[in-house]
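Student: predicted model and sequence follow; I will ask about them next.
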Amino acid sequence: MKHLLKIADLSENEIIDILNLADQLKYEKKHGIPHQYLLGKTLGMIFQKASTRTRISFEVGMGELGGNAIVLSASDLQMGRGEPIKDTARVLSRYLDGIMIRTYAQKDLEDLVTYGSIPIINGLTDYAHPCQVLADLMTIREYKGSFKGLKVCFIGDGYNMANSLAYGCVKLGIKFVLAAPKQYQIKDDIVNELKSYGELFTMTEDVFAAAKNADVLITDVWASMGQEEESKNRRDIFKGYQINDDVLSVAKKDAIVQHCLPAHREEEITNKVFEEHADEIFDEAENRIHAQKAVLVKLLGKID
Ligand code: CP
Ligand code: NVA
């Protein structure tokens, strides 16, 4: 593993290795055991969209590993004035040990890989959010003990989070079901790849069929960053694609609820369900730091 561009690129073993290291790093942090595996290393973080969790968890995580992180707002870089990614990649490769980028197009990451010579980490694109999914899988394993026989139900937009979680689940043998309005289901090219995992991947417009006997209910905002203009329309279209008491009542009794955050209460999730499952949701948010530290150690620390 040289980069983390999308979950689809990882094998089952690579995902499990990251999760195991994340568990170890979480243990070391909680027990005050020093783990400065990235002493002297510097991560550059480029943001073309807002962030709370990604920015802070990467910055703090690098510090805990003995390294540094530099936040680079795209609008402050010459990139924001048109300097090509291929030049930015070659310059930053001479200063930094790795780049984490949050942007729109997945192609930007591919260009950074092509023209740069340091590890590239996807901190969210319109296509994928692999760091979030690693934290989600880590949290699911903490609560459920193992991945064996699990059913994960994602209710909402078949966009970056759903795409990435679908790959993460099917690669680990977890059944993944998406409930979304027809026009917001996962795109055909991705579905065609996911279909090779047989019955592990399905999509439906029926929220209750999807949630039935689920071990994990998970959702994301109806309108992602960059889709704000359409958000009023989406509120009509997505009405009913919500995690609420009725939906929860058809899932398994011990089902957990996950949300990548930020949450829009009373849209994709009711305030009641959110608050009743807040521990699970904020454990998931906490696990961003542990999962990302594992990715950083693997990529910047050259530990296989
Ligand atoms: N879930 C997530 O990526 O949060 P931020 O947008 O705050 O980074
Ligand atoms: N789908 C959301 C995820 C935010 C973490 C977005 O892209 O805005």
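Tutor: Great, that's in hand. Keep in mind it's a predicted model, so treat the numbers as computed, not measured. Ligands and ions are numbered 1, 2, ... in the order given.
Student: so stretch 104-121, near ligand 1 or not?
Tutor: No: using C-beta under 6 Å from any ligand atom, stretch 104-121 stays clear of ligand 1, with a minimum separation of 12.6 Å. No exception for glycine: its C-beta is placed from N, CA and C like everyone else's.
Student: now do that stretch: distance from first to last residue.
Tutor: By C-alpha to C-alpha, to the nearest Å, the extent of stretch 104-121 from end to end equals 14 Å.
Student: for this protein, what's the longest helix?
Tutor: As assigned by DSSP state H, the longest helix anywhere in the chain is helix 278-300.
Student: near ligand 2, anything from that one?
Tutor: No: applying C-beta under 6 Å from any ligand atom, one finds helix 278-300 out of contact with ligand 2, separated by at least 10.2 Å.
Student: tell me the gap between that helix and the middle of its chain.
Tutor: Remark: helix 278-300 is offset 10 Å from the chain centroid, using C-alpha atoms, centre = their mean, to the nearest Å.
Student: got the residues of the stretch 151-300 of the chain near ligand 1?
Tutor: 260-261.
Student: what segments of the stretch 151-300 of the chain are helices?
Tutor: 160-171, 188-194, 207-211, 231-237, 245-250, 271-276, 278-300 (DSSP state H, counting those that start in this stretch).
Student: report the buried residues of the third one.
Tutor: Meaning helix 207-211. Neighbour-count burial for helix 207-211, counted by 16 or more other C-beta atoms under 10 Å, picks out 207, 210-211.
Student: format the CA atom coordinates belonging to that helix as CSV.
Tutor: Coordinates of each C-alpha in helix 207-211 appear next as CSV, following Å, rounded to 0.1, in the frame of the first residue of the first chain:
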residue,chain,number,x,y,z
VAL,A,207,-36.1,1.7,3.7
PHE,A,208,-37.8,-0.9,5.9
ALA,A,209,-36.7,-3.8,3.7
ALA,A,210,-33.2,-2.6,3.9
ALA,A,211,-33.2,-2.0,7.7
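Student: least trustworthy helix or strand in this protein by mean pLDDT?
Tutor: Among the helices and strands of the chain, helix 231-237 carries the lowest confidence by mean pLDDT, DSSP states H and E, at a mean of 92.
Student: sorry, back to before: for the longest helix of the chain, list the C-alpha coordinates in CSV.
Tutor: Extracted in CSV, the C-alpha atoms of helix 278-300 (Å, rounded to 0.1, in the frame of the first residue of the first chain):
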residue,chain,number,x,y,z
ALA,A,278,-24.7,9.3,20.7
ASP,A,279,-22.0,7.1,22.3
GLU,A,280,-21.8,4.9,19.2
ILE,A,281,-21.6,8.0,16.9
PHE,A,282,-19.0,9.8,18.9
ASP,A,283,-16.9,6.6,19.3
GLU,A,284,-17.0,6.5,15.5
ALA,A,285,-15.8,10.1,15.4
GLU,A,286,-13.1,9.4,17.9
ASN,A,287,-11.9,6.4,15.9
ARG,A,288,-11.1,8.7,13.0
ILE,A,289,-7.9,9.6,14.8
HIS,A,290,-6.9,6.0,15.6
ALA,A,291,-7.7,4.7,12.1
GLN,A,292,-5.9,7.6,10.4
LYS,A,293,-2.8,7.2,12.6
ALA,A,294,-2.7,3.6,11.5
VAL,A,295,-2.8,4.7,7.8
LEU,A,296,-0.1,7.3,8.5
VAL,A,297,2.2,4.8,10.1
LYS,A,298,1.7,2.3,7.2
LEU,A,299,2.3,5.0,4.5
LEU,A,300,4.8,7.4,6.1
